[in-house]
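Novice: could you work out the structure for the sequence below:
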Amino acid sequence: MARIFVTGSTAGVGRNAAEALVNDGHDVVLHARNAERAGHLGRLADRAQVLTGDLGDLAEVRQLARDLNAIGPIDAIIHNAGIIDDQRAETPDGLLRVLMVNALAPYMLSLLADRPARLVFTGSSMHRGHDGALDDMAWTRRRWSASSAYGESKLLVTALSAAFARRVSAVCHTVDPGWVPTRMGGASASDPLDQAHVTQCWLATSAEEDSGGYWHHMRRQRPDPKVENLAFQDTVLDRFAQMTGVPAP
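Specialist: Next comes the predicted model:
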């Protein structure tokens, strides 16, 4: 059985993934933004270890990685946590919050953790397009668009996953869980919530050594062409290293 860390596991897709993994006998490490959110885990917390840390804060992400390493070797991380901001918001470090939570925190945790064998990132169909994503990552020069900023963060984390597939020893994949009726997705979302975590869990526990895939409901798909552009991938890594202070591999 594997030891798997699931970020954003208090509700929605992350909670369903954590519960499924626990039920299958895996050693699961749960994550909540703070102690108050951890209280929402209820009885699930009795069956797994729980770590807290705000993924929108560089110092807390570093501490979260230290706490994770103190538990012992992690076999896989499912980077499930994600946000969408109606208004432009910055972190205490002056970074764009939606970028920090959705992409920079997964970058940091993947490199600061004691090198898990498998990394599963959360993408979105909204990652497609965004031709100017590298020009104004912080959204300081453009009129704010919540959907576009979210989509750009998902483009960048998908490119990050593809870059890691080349440059770290872990098996890396991105999963588009679909538009599902979570707190973020809303009640009108059309994809089934009970299927959104299935591909995440399979990729986190599979013995397959293939890496660099983009998946939706157990089927491999082609991502936006920019994701497969090596120069684009390397630029994302360089920018993320500059923003976080964590050297790129």
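Novice: next SSE after the lowest-mean-pLDDT helix or strand in the chain?
Specialist: The element with the least model confidence among the helices and strands of the chain, by mean pLDDT, DSSP states H and E, is helix 193-196, at a mean of 71. Using DSSP states H and E, the next helix or strand after helix 193-196 towards the C-terminus is helix 198-205.
Novice: show me what the helix or strand containing Gly14 is packed up against.
Specialist: In this structure, Gly14 is located in helix 12-23 according to DSSP H and E. Under the contact criterion of 3 or more CB pairs under 8 Å, 6 or more residues apart in numbering; DSSP states H and E, the helices and strands touching helix 12-23 comprise strand 3-6, strand 27-32, helix 193-196, helix 198-205. For the C-beta atoms, the positions are set from N, CA and C on the backbone; glycine is no exception.
Novice: kindly recompute the last result at 7 Å.
Specialist: Helices and strands touching helix 12-23, as assessed by 3 or more CB pairs under 7 Å, 6 or more residues apart in numbering; DSSP states H and E, comprise strand 3-6, strand 27-32, helix 198-205.
Novice: what separates the first one from the chain centre, distance-wise?
Specialist: Going by CA atoms, centre = their mean, to the nearest Å, the spacing between the C-alpha centre of strand 3-6 and its chain's C-alpha centre is 13 Å.
Novice: partners of that strand in the sheet?
Specialist: According to DSSP bridges, strand 3-6 has the following sheet partners: strand 27-32 (parallel), strand 76-79 (parallel).
Novice: most neighbours per residue, which of those?
Specialist: Each of those was given a mean neighbour count from mean count of other CB atoms under 10 Å, and the largest, a mean of 26, is that of strand 76-79.
Novice: how about the spatially most central residue of the chain, what does it touch?
Specialist: In the chain, the centroid-proximal residue (CA atoms, centre = their mean) is His79; its distance is 3.0 Å. If you count contacts by CB atoms under 7 Å, 6 or more residues apart in numbering, His79 has them with Thr7, Pro106, Val120, Phe121, Thr122.
Novice: of those residues - the most surrounded one?
Specialist: With neighbours taken as other CB atoms under 10 Å, the top of the contacts of His79 is Val120, carrying 29 neighbours.
Novice: can you tell me the SS state at it?
Specialist: Reducing the assignment at Val120 to three states with DSSP: H, G, I helix; E, B strand; the rest coil gives strand.
Novice: doesn't Ala204 make contact with it?
Specialist: Yes. Applying CB atoms under 7 Å, one finds Val120 in contact with Ala204, separated by 5.2 Å.
Novice: returning to what we had before: include distance to Ser110 and mean pLDDT when you put the strands paired with strand 3-6 into JSON lines, please.
Specialist: Below are those laid out as JSON lines (distance: least, CB to CB, whole Å; pLDDT from 0 to 100):
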{"stretch": "strand 27-32", "distance to Ser110": "14", "mean pLDDT": "98"}
{"stretch": "strand 76-79", "distance to Ser110": "7", "mean pLDDT": "98"}
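Novice: so which of the ones you listed comes closest to Ala20?
Specialist: Checking those against Ala20 by CB to CB gives strand 27-32 as the closest, at 9.4 Å.
Novice: how far off centre is the closest one?
Specialist: Averaged over its C-alpha atoms, strand 27-32 has a centre that lies 14 Å from its chain's centre (CA atoms, centre = their mean).
Novice: which element follows the single longest helix found in the chain toward the C-terminus?
Specialist: Ranked by residue count under DSSP state H, the longest helix found in the chain is helix 146-167. Secondary structure here is assigned by DSSP H and E; on that basis, the next helix or strand after helix 146-167 toward the C-terminus is strand 171-176.
Novice: since that was my last question, I'll sign off now.
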